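# after the sequence you'll find the predicted model.
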Amino acid sequence: MPATGYAVLGLLSFGRELTGYELKQWADGSLRFFYWSPAVSQIYSELKRLEIGPVVQREEIEYFREIGLQETVTVTYALLAMSADGGRFTVENEVWTERGERAAVIRSTGGWLDLRARKLIAPPQALLAAFSRVPHAPDFVELPERTKRK
């Protein structure tokens, strides 16, 4: 796999649904210190080559506090659940204010989509390894497998 493939898989392992443009923004902000930042065309080419992409099947948002315009927030993330093959997952993001108050919780349930067959699949081993390194919630649950290996 080319270096760009590993970079894209690493960015996708954060458990957020990202467009190619958003992947480029993340790469510019983080990878450029360790690795050249790939062009948007390289990111889209790599996702196309892998023929997979993350898909959100359900998203739930709870609001607790208002966040002001241009207020600095901290966003945490944790893997709440995942199947052993990595094909299905639930990720939780918490949004915290500057004062340490929880402002929102976002829970996203999704999987990996085979872009050609348009079916949920288990991710390639390299992506599974990267995604497995996402911090696990204390009450992490293993989901049953219902996917095919890519």
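All right, it came through fine. Numbers count the residues shown, from 1 in each chain.

# which of the three states applies to E46?
Following DSSP: H, G, I helix; E, B strand; the rest coil, E46 is assigned to helix.

# pull out the buried residues from stretch 68-80.
Y77, A78, L79, L80 (16 or more other Cβ atoms under 10 Å). (Each C-beta comes from the backbone N, C-alpha and C, glycine too.)

# next up, the contacts around E66.
E66 makes contact with A103, according to Cβ atoms under 8 Å, 6 or more residues apart in numbering.

# and the pLDDT at it?
Per-residue pLDDT puts E66 at 90.

# what's the answer for L69, then?
At L69, pLDDT is 84.

# where's it, which helix or strand?
Using DSSP states H and E, L69 maps to neither a helix nor a strand.

# contacts for stretch 58-65 next, please.
T97, E101, R102, A103, A104, V105, I106, R107, S108, T109, G110.

# now list the buried members of those residues.
Using 16+ other Cβ under 10 Å as the burial test, the contacts of stretch 58-65 include T97, A103, A104, I106, R107, S108, T109, G110 as buried.

# contact partners for the second one?
This means A103. Applying Cβ under 8 Å, 6+ apart, we find A103 in contact with Y63, F64, R65, E66, I67, V73, V95, W96, T97.

# using the three-state scheme, assign the third one.
Secondary structure state of R65, per three-state DSSP, is coil.

# okay, now Q57: neighbour count?
Close neighbours of Q57, defined as other Cβ atoms under 10 Å, add up to 12.

# how about it, secondary structure?
Secondary structure assignment for Q57 (three-state DSSP): strand.

# so what's it up against?
Contacts of Q57 (Cβ under 8 Å, 6+ apart): T109, G110, G111.

# give me the beta-bridge partners of the first one?
In this entry, T109 is beta-bridged to R58, T90, by DSSP bridges.

# sorry, back to before: just flag the most distant two among the buried residues of stretch 68-80.
Farthest-apart pair in those is Y77 and L80; separation 10.0 Å (Cβ to Cβ).

# shared neighbours, those two?
Counting by Cβ under 8 Å, 6+ apart, the common neighbours of Y77 and L80 are V91, E92.

# what distance do you get for R146 to N93?
Applying Cβ to Cβ, to the nearest Å, the value for R146 to N93 is 24 Å.

# among these two, which residue is more densely surrounded?
Between R146 and N93, N93 has the larger neighbour count (other Cβ under 10 Å), namely 17 against 12.
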